[in-house]
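Asker: The following block contains a protein sequence and its predicted model.
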Amino acid sequence: MSKTWFITGAGSGIGAGIAKAALIAGDCVVATARNLDKARNALRDVTGENLAFVQLDVTGESQTKAAVERAVDQFGRIDVAVNNAGYAVMGNFEELPTTDIEQQFATNFWGVAYVMRAVLPVMRKQRSGHIFNISSVAGAVGFKHCSAYGAAKFALEGLSLAVANEVGQFGIKITVVEPGFFRADLLAPQSVRWGKNTIEDYASEGSTEALWSPYHGKQHGDPVNLGEALVKIAGMQNPPKLFAAGSDALAAIIPAIEERLNVTRAFEALSKSTDGSF
Ligand SMILES: NC(=O)c1ccc[n+]([C@@H]2O[C@H](COP(=O)([O-])OP(=O)(O)OC[C@H]3O[C@@H](n4cnc5c(N)ncnc54)[C@H](OP(=O)(O)O)[C@@H]3O)[C@@H](O)[C@H]2O)c1
């Protein structure tokens, strides 16, 4: 049976790739975006009656509720919700303006929370549904220059894993997706917010922008391939709670998990000593 997808930030990159893959698989898609002209252009090759566009800036909770209602009005249900909208604030933590970090959370964490709070009642009523929350390798591994971005993604992962345990009883599944580098606009000048060198002690390392911007346009991952993987996962009876996407993601995440296990085991005796008389 065909599914209805609700996708945020569907006007470019990974969001557009997921929308294309779902449409090619024969599903219906509600493609949401801040800029509908951009979204229509990105999805012009797959346009048809299975595709609807709804304007949505995920930083507004009431706008998010209204967008979900419009999606349900259009297709009657939401089977798969993809929290994809996001951008990156990059720089040394001490050098980032506090407002940049707060705004990063407004989109990358609160935007996800608003969509979840809007779609969960729909999915509970249906007694089925699947939420994909697009995190990042930076949501599993602490990378230099990714303090704000990574903190919001780690928060998204914590939210997802906890809520999954609350809503599983209603037939609702949640999968955190941790992409490696995919060819999208995340590091494009119009999207990323670079921290500036404002503290002399960090100056010798050069600018964050000079270090990271060369990756833009050269990422290996193809967003449509990622979309195809999510279409497969959405069809699984027992989908994974976490999905690392891409060989670069695996290469970073597997050693980080092993290191965490080793550190936890290495301090097992000290850990047990904190039990006190119990
Ligand atoms: N590409 C990668 O290598 C990579 C790796 C790991 C994780 N990710 C994650 O993948 C997701 C998609 O990013 P991408 O790489 O595909 O970058 P992208 O091409 O820049 O796409 C991001 C999309 O999010 C939208 N967006 C940003 N803020 C929004 C807001 N407040 N409300 C609604 N939409 C908003 C953007 O819309 P506008 O066009 O209006 O700006 C854009 O369409 C993000 O969550 C990102 O953190 C990407």
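Answerer: That came through fine. Residues are numbered from 1 along each chain as shown.

Asker: Any residues of this structure in contact with the ligand? List them.
Answerer: Contacts of the chain with the ligand, taken as CB under 6 Å from any ligand atom, map to 8-9, 11-15, 33-35, 38, 56-59, 84-87, 107, 111, 134, 136, 179, 181-182, 184-186, 191, 219. (C-beta placed from N, C-alpha, C; glycine too.)

Asker: Of all the residues in the stretch 51-200 of the chain, which one is nearest the ligand?
Answerer: Here the residue of the stretch 51-200 of the chain nearest the ligand is residue 86; by CB to the nearest ligand atom that distance is 2.6 Å.

Asker: wait, what's in contact with the residue lying closest to residue 248 once chain neighbours are set aside?
Answerer: Spatial nearest neighbour of residue 248, excluding adjacent residues (CB to CB, 6 or more residues apart in numbering): residue 180 at 3.5 Å. The contact partners of residue 180, by CB atoms under 8 Å, 6 or more residues apart in numbering, come to 137, 220, 221, 244, 245, 246, 247, 248, 249, 250, 251, 252.

Asker: Show only the entries of the residues you listed found in helices.
Answerer: 247, 248, 249, 250, 251, 252 (DSSP state H).

Asker: for the fifth one, what are its contacts?
Answerer: Listed by CB under 8 Å, 6+ apart, the contact set of residue 251 reads residue 180.

Asker: quick one: residue 242 and the ligand, what's the gap?
Answerer: Distance of residue 242 to the ligand, given as CB to the nearest ligand atom, to the nearest Å: 14 Å.

Asker: can you pull up the bridge partners for that residue?
Answerer: Using DSSP bridges, the beta-bridge partners of residue 242 come out as residue 176.

Asker: Give me the pLDDT for it.
Answerer: Per-residue pLDDT puts residue 242 at 98.

Asker: what's near enough to touch it?
Answerer: 140, 157, 175, 176, 178.

Asker: what do you get for residue 38?
Answerer: Residue 38 touches 11, 12, counting by CB under 8 Å, 6+ apart.

Asker: SS state for it?
Answerer: Here residue 38 is helix, with the state taken from DSSP: H, G, I helix; E, B strand; the rest coil.

Asker: before we move on, back to that, so which of the ones in helices among the contacts of residue 180 wins on neighbours?
Answerer: residue 249 (22 neighbours; other CB atoms under 10 Å).

Asker: Please tell me I have it right and it contacts residue 177.
Answerer: No - using CB atoms under 8 Å, residue 249 is not in contact with residue 177; the gap is 9.4 Å.
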